[in-house]
Structure formats: C-alpha cells, structure tokens
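Asks: Sharing a model that was predicted from the sequence below.
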Amino acid sequence: MSKHKYIYIIVLIIVTLTIGCGHVVDSEALPEHPTFATDIAPILQKNCLPCHRENGAAPFSLATYAAVKKRAKTIAKVTANRYMPPWPADPTYTHFVGERVLTDQQIALIQKWYEQGAVEGSSGYSYEVPNKYRSSIGKPDLVIPFSPIDLKEGDADRFFISKTHVHLEKGKYISALEFVPSKFGFVHHVNGHFLLYADGTKNKPQRSSAMIEVNEGIDADVFKSLELEGNTGAMPFRIHSAFNYLPGVEGVQYPPGIGGFEVTKDFAAVMNDVHYGPSDANYTDKSVLNVFFSDRKPDRPTAELMLGTNGVSKIVPKLLIPANQKTKHVSRYTIAEDISVLTINPHLHQLGKSFWAFAIKPNGDTIPLIRIMRWDFNWQYFYTFKQMLRIPAGSEIVAIAEFDNTSSNPNNPNNPPVAVGERWDYGGASMRASDEMFQFIVTYTKYKKGDENISLEPKRLD
C-alpha cells in the first residue's frame, strides 16, 4: 500500500472519530432573561441579516424586531437543528471569510429567548442591515443589467446566453464582479466572460444588448447571432470566466492588486451560459452584474484549477451512479508549482451527500481544504480562506464526493430512481440539475514569500 493511501486511511479515521462529538451548553452562563436588544440582535445581524433583508437572497426580511418576533418560533426551530444559518462547510475542519456558524451557546440563547416570549428589551439598540444595496460587498461603482427573462410555472430546465454592452469615458481597472439574480431560487448557475473592444471610437459592439434561448449545447452559430464582433468586423479580446454564480454564492473581493483586470472603455458582459432550473412560479428575472473599480492596476493575476468534471483530473470510478445505489468517487491532481490558494468551490448536484478535499504535501503532511458532511444543493458557496493558503509544488490535491441515488434521498429528482451521471461521451457533463457533476474549483495565484500573512478579509465599500 502506498504512503498516500496510508495517510488517507489515517485522516479518514480521524474524521470519523470527530464527527458527532457533541458540545455541552453552560446553561448557567446564559442570561436569566435574554432580550432581543441585548442578546439576539447581535447574533442575527451578523449571521442572518446579510440574506434576510430587502433585496437579500432570503425569501423574507428580518430587518426589524417586529419581523423577527413574528417568526421567532421558526427561528428557534431552524437554528436548533442547524438548518439555518446555511453554512455547509464543517467549521471544525477549516475556516473561511464570512463564516456563519452559531455556537451551541448561541443556539441555546435563542431557544431561551423564544421560550420566554421573545421579549424586545431596551429600545435603544443598534440593529441595521449590512448595506442597502443588492450586494454582499457594498455600493457597486457600476450596475450592468441583463435582458429580462420570463419564466413560467411548470418550465423545465432552460438555458440562455445574453450580452450587454457598456461604454465608459475611459478604461478602468476592475477589482471585483458580483452576479446578483433578482430573486433567489430560480438561477441554477451562470458562467460569464468579458469582451474588450480595442478602440472605443472605431470598434464598438454592433448591438448594445441581446438575449437568446438555447438548447443545452451552444454552438458557433448561436454566438454569431449575438453579433459579438465590433462594427469593424474584428473580434474582441475575451476574458474567460470573468464572473460565475451558483446558489448561495456571494461577491468576493481580494486585496488590492490581486485578481481583477483592466477593461477598455467599450466592453461587453456576456452570460454565455445562464441556466434556470425547473420553475414553480411565473417570474421575470432581472439579473444584474455589480462592478467594483480600483485605482490600482492588478499585478497578481489569478487562475483557476478545476478537478473532476470538465477539469484536469479523472473521476475514479467514472461518475455513473446506478439507480438505488450509493457511490463514492475520487479525483486527484498534482500541482507543478507553489501556489497561494484564495477561494475554493465544491460543486455537485442533487444526488450529492458529502464532499471532502485536502492536499497531501510531498513530505506526506496533509493540508485541510474543506469538508461538507451534509451536501446542500441550494447553498454552493465560493469559500475564501481567511488568509492565503500556500500549497507547495508536488502536492497532490484530492477531492472525494459521495452520492445517494436511492429513494431515501429526499433531493433525488427521479422517482423511482434512474441511473444518473456524466452523459456525454467526451467526459463532460450535462448542465441540467437532474443530471450529476463532480467538480472542485481552486482559485489561486502564484506563490510569493509572505503570502501566508496576507489577510483576505474584505473591507466593506459602503
């Protein structure tokens, strides 16, 4: 047996032993009569208001005491079973920016407050939403609208591509992009890129905006119909994967100089793959792209490494999940140079049950990356580390995913279960939510000495 397999077994044993280790609540440390003003508001403001507010991702607001009291019973229930706040990553394994995990003491405090009548307490407390914008970063410098898309109740999966032209007075540096759907729960995913037109006076886009519904596969003729060429006939420079979205994803902004790119004064934002899952209501989506500018030229570009589906590494065994079976799959890749990891994104569909990723250094040491014991299709964050994480050259990145294709899986889209997996012969995968994927995306930059000390905690732009 290889050294790496021994390490894998040892780590698995440690994981198994730590799962389910409970914590004891010190009831004597709880206030005798907790109030919203003193005890509950600070918890909700940090962990709930970022989503439960006007223009937030959640379906209702908790921005006032009256709104909170109305739902106090529900809040007590969903926090007790850790359904809310949603944070799939195991906080005992790794920590990330914006982590929203309640301690056992905080949960007990909420229960006691509710049981005593959800008392408000003093009226002089501070309880405010993080910002008034449709953004997790702050006030955007530019908001790019996309063409509205009408969805109908009963719709199956639908796919679109969309283009919006932007004209600026001069070229600028972009530090962050944030795709924001107008309502949570309809957009399954978005992959987008930027087109830069070299001369803003002579080579502009032929049309300012366009939107086309497509089948799952997108061919050259479809892109041609968007008229992406400039009016001189020249094709613009393309920045691939400029912005992305999955359910639950929030905007990410790195320190000055890291990531980002420069745009010409004429450019286009293109959603080259926007997917809406099955719809249970009539709705018009008016998604936007928030843009944040910077005065500093980005001098440390970022790159993406994708394991698994459509990526650089195979899935073993092949991602085919027979009906009425549970399966486990592994994908691994050895990196050739030292990298500093910024953000990671695990991605599975509805049959996913768990996800685990780590790196094994050449000396055999293990670097924890992420562990999700209960996969939640509705919350697929891009997890940003609190500080840059160095992974040395020669390290092997390992991702492990488990799937449940039985009728006992409440998220199984098929009843009775049917065989599910990567559908296409060339090793790619269907983008439909009812099919399956296994991806692990690592956003990184080339390592520089001292990166381990660089904080990735964001600074608000309100």
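Replies: Thanks, I have the structure now.

Asks: which outside residues touch the helix or strand harbouring Asn290?
Replies: Using DSSP states H and E, Asn290 sits within strand 288-294. Residues from elsewhere that reach strand 288-294, judged by CB atoms under 8 Å, 6 or more residues apart in numbering: 133-135, 137-138, 140-146, 164, 172-180, 182, 192, 243, 251, 253, 256, 260, 269, 461. Where you see a C-beta, it was placed from the backbone N, CA and C, and this is true even at glycine.

Asks: What's the ChimeraX line that selects buried ones from those residues?
Replies: The ChimeraX selection below is limited to those of those classed as buried (16 or more other CB atoms under 10 Å):
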select :133,134,135,137,138,140,144,146,164,172,173,174,175,176,177,178,179,180,182,192,243,251,253,256,260,269,461
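
Asks: residues touching the nearest residue to Pro256 once chain neighbours are set aside, list them.
Replies: Among residues not flanking Pro256 along the chain, Arg296 sits closest, at 4.8 Å (CB to CB, 6 or more residues apart in numbering). Contacts here follow CB under 8 Å, 6+ apart; on that basis Arg296 touches Tyr173, Ser175, Pro256, Gly257.

Asks: Can you tell me which of the contacts of strand 288-294 end up in strands?
Replies: Members of the contacts of strand 288-294 lying in strands (criterion: DSSP state E): 142-145, 164, 172-180, 192, 243, 269.

Asks: separation between the residue nearest to Pro256 and Lys446?
Replies: Separation of Arg296 from Lys446 (CB to CB, to the nearest Å): 18 Å.

Asks: Kindly report the domain assignment for this protein.
Replies: According to automatic domain parsing, the chain comprises the domains 3-115, 142-294, 303-453.

Asks: Could I get the average pLDDT for the host helix or strand of Gln105?
Replies: Taking DSSP H and E as the definition, Gln105 sits inside helix 104-115. Helix 104-115 carries an average pLDDT of 96.

Asks: Likewise for stretch 290-304?
Replies: 93.

Asks: Thought Trp113 was touching Ile75, still the case?
Replies: No - in this structure, Ile75 is not within contact of Trp113 by CB atoms under 8 Å, at 9.4 Å.

Asks: sorry, back to before: which residues belonging to the helix holding Gln105 are considered buried?
Replies: By neighbour count on 16+ other CB under 10 Å, the buried set for helix 104-115 is Gln106, Ile107, Ala108, Leu109, Ile110, Gln111, Lys112, Trp113, Tyr114.

Asks: just checking, the second one touches Thr79?
Replies: Yes - contact between Ile107 and Thr79 holds when scored by CB under 8 Å: they sit 5.3 Å apart.

Asks: Quick check: neighbours shared by these two?
Replies: Counting by CB under 8 Å, 6+ apart, no residue touches both Ile107 and Thr79.

Asks: Any chance you could list what contacts the helix or strand that the strand holding Asn290 is followed by?
Replies: For strand 288-294, the following helix or strand on the C-terminal side (DSSP H and E) is strand 303-308. With CB under 8 Å, 6+ apart as the contact definition, strand 303-308 has outside contacts at 241, 311-313, 315, 319, 331-333, 335, 339, 397, 399, 437-445.

Asks: Please apply the same query to stretch 445-456.
Replies: 97, 254-255, 258-259, 300-303, 337-340, 342, 384-390.

Asks: Could you rerun that using 10 Å?
Replies: Contacts to stretch 445-456, defined as CB atoms under 10 Å, 6 or more residues apart in numbering, come from residues 96-97, 252-255, 258-259, 300-303, 337-343, 384-393.

Asks: Could I get the contacting residues of the closest residue to Leu177 other than its chain neighbours?
Replies: Spatial nearest neighbour of Leu177, excluding adjacent residues (CB to CB, 6+ apart): Phe243 at 4.2 Å. Counting by CB under 10 Å, 6+ apart, Phe243 touches 144, 174, 176-179, 190-194, 249, 251, 269-271, 289-291.

Asks: next one: the helix or strand Lys326 falls within to chain centre, how far?
Replies: Assigned by DSSP H and E, Lys326 belongs to strand 325-334. Mean-position distance between strand 325-334 and its chain equals 21 Å (CA atoms, centre = their mean, to the nearest Å).

Asks: So for stretch 381-389, what gets flagged as buried?
Replies: By neighbour count on 16+ other CB under 10 Å, the buried set for stretch 381-389 is Tyr381, Phe382, Tyr383, Thr384, Phe385, Gln387, Met388, Leu389.
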